[in-house]
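Q: need a 3D model of the following:
(one chain, ligands or ions: 2)
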Amino acid sequence: MGRLFAIEIVYRGIFQKNLAKNISRGIVLAARHAGKTGISFGRYGDSPERNGIPAKNFAIVATDDETLQEGMAKYEPREVDITIAVDDTLCKGVESWAWYGLQPINRLLKPGGTLLVTTMHDFDAIISMCHRKDYPYQLALLRGIPSFSGLWVYKDDHTDVRVLGAIARVLPDLFDLDAVEKAIREEWNDDLKVASARKAADRLRTRVVLPTEGNPEKPYAFELPRWYELREGLSIPAIPVGQGVADPVTGQVGGFRPARNPTFKKFSTRTMRPVVDFDKCVKCTLCWLQCPDSCFDVTPDGYYDAHMEACCGCGVCEAVCPVEHCITMVNETAFTDNRSQWEMWKQDKDAYRAWVQDKIRARPPRQHGFRIRGQYVEEIQQLVAAGVVDRSLGERLAEDVTAEPGEASAGG
Ligand code: SF4
Ligand code: SF4
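A: Numbers count the residues shown, from 1 in each chain. Ligands and ions are numbered 1, 2, ... in the order given. Okay, here's the model as predicted:
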């Protein structure tokens, strides 16, 4: 019996689909150059691959065919050597993975395994988002702006090969940098990509995360009925109809809040969330009408409050709002709770205005493709300024991106 390696790549559906495929395929190709055998495959959570919704690819590698077959006889691994989060906001919240229930990002990591995150944040920010584990694991930060593309455009900013270089550093038993270089030459035949992979391995930052560190919340626990509590036949309770909303100041009850599935995805779907400036809102209803997840509550005074227990962060409301700067999408890492913005505004309007200004002032660049090309060029310039990519490479990437035909996807 040989050794089995398992790596999962958690990515954002559609936006990072090609990126995740490149990574899992690249892992297997590099492993083959290291004398191993493997397979890469993908799967969704419990919803189809939508814009921004978390999905997974797996790369399963073994030292011999028999070990690989034995490993692949299981539908998917129960534990992995490396979890790759190609967007740092995936570390927040829990995601529903079919019959496994709601899982935090590091759930499948084996003791001593590595969580590899693409991020511009530091260790403390990422650790505060990740749920605690009972045993130590390694956190590896790959510095870079998470790589998003629109539906028709692949953003070749070398995140794929940079991840391969990082893996060679944190799991050298799987493959080394020479194997990565051979795989890159075979797949892309690109010297710059080889340089990027090697540089990423050099610059990777790692640190051990202890069981005392991280988000202390219990990720989720299902209360399953005992056999004698089961009802006759098969029945699935419908979601209740919903109810009015209470004004936190006047006590007036009105409007409508649809009831929602309490155990569906919990916050991991969002890279951004809408911040609403209620002073600017003209109550046109467009955000409520167009939100693909029906997540706006209608308030007793006729405003529309994006309910953060339901919002997937698609950005449609910002795109359709006719009033400039009334809705602004802000990076999810800027928030630590899911409070109702309308309630905050009702309780203290001056404090709310200051809160909005603070959130939208330093709004980090992260978009879902609505303003795609110019944004890529800006991002690349930032990467150059931060020393993440060389100036010559940055210029070439900018040319590639602006020259590529195609449009961003819209919708949720
Ligand atoms: S439109 Fe999208 S971003 Fe806006 S509230 Fe609905 S789910 Fe959230
Ligand atoms: S789309 Fe904008 S202006 Fe219209 S109701 Fe929503 S927040 Fe208000």
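
Q: from now on I want contacts and neighbour counts done on CA atoms only, so please keep to that.
A: Fine.

Q: and the helices in the stretch 201-350 of the chain?
A: 286-290, 316-320, 341-347, 349-361 (DSSP state H, counting those that start in this stretch).

Q: tell me which of the ones you listed is the most buried.
A: helix 316-320 (a mean of 20; mean count of other CA atoms under 10 Å).

Q: quick one on the thing from earlier: worst mean pLDDT among the helices of the stretch 201-350 of the chain?
A: Of all the helices of the stretch 201-350 of the chain, the minimum mean pLDDT falls on helix 316-320 (a mean of 90).

Q: what pairs with the top strand by length along the chain, parallel or antiparallel?
A: Secondary structure of the chain per DSSP state E: the longest strand is strand 109-119. Strand partners for strand 109-119, identified by DSSP bridges, are recorded as strand 80-85 (parallel), strand 137-143 (parallel).

Q: highest mean neighbour count out of these?
A: Scoring the strands paired with strand 109-119 by how many neighbours each averages, mean count of other CA under 10 Å, gives strand 80-85 as the top one, at a mean of 25.

Q: what mean pLDDT does that one get?
A: So the average pLDDT for strand 80-85 ends up being 98.

Q: and if you look at stretch 190-201?
A: For stretch 190-201, the per-residue pLDDT averages 93.

Q: ok now that stretch, how far from the chain's centre?
A: Chain-centre distance of stretch 190-201: 24 Å, with CA atoms, centre = their mean, to the nearest Å.

Q: what residues does that stretch touch?
A: Stretch 190-201 is contacted from outside by 142, 158, 161-169, 177, 180-181, 184-185, 389, 393, using CA atoms under 8 Å, 6 or more residues apart in numbering.

Q: in helices, which of those fall?
A: 161-169, 177, 180-181, 184-185, 393 (DSSP state H).

Q: out of these, who's nearest ligand 1?
A: Nearest to ligand 1 among these, counting by CA to the nearest ligand atom, is V163 at 28.9 Å.

Q: surely that closest one touches I23?
A: Yes: using CA atoms under 8 Å, V163 is in contact with I23, at 7.1 Å.

Q: if we can go back for a sec, packing partners of the next helix or strand after the longest strand of the chain?
A: Sequence order places helix 123-129 as the next helix or strand after strand 109-119, per DSSP states H and E. Here helix 123-129 touches no other helix or strand, going by 3 or more CA pairs under 8 Å, 6 or more residues apart in numbering; DSSP states H and E.

Q: what average pLDDT does helix 123-129 get?
A: Summarised as a single mean, pLDDT over helix 123-129 is 95.

Q: just stretch 386-396 next, same as before
A: Rounded mean pLDDT across stretch 386-396 is 61.

Q: got a quick ChimeraX command for the buried subset of the contacts of stretch 190-201?
A: Buried members of those, defined by 16 or more other CA atoms under 10 Å, are picked up in ChimeraX with:
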select :142,158,161,162,163,164,165,166,167,168,169,177,180,181,184,389,393
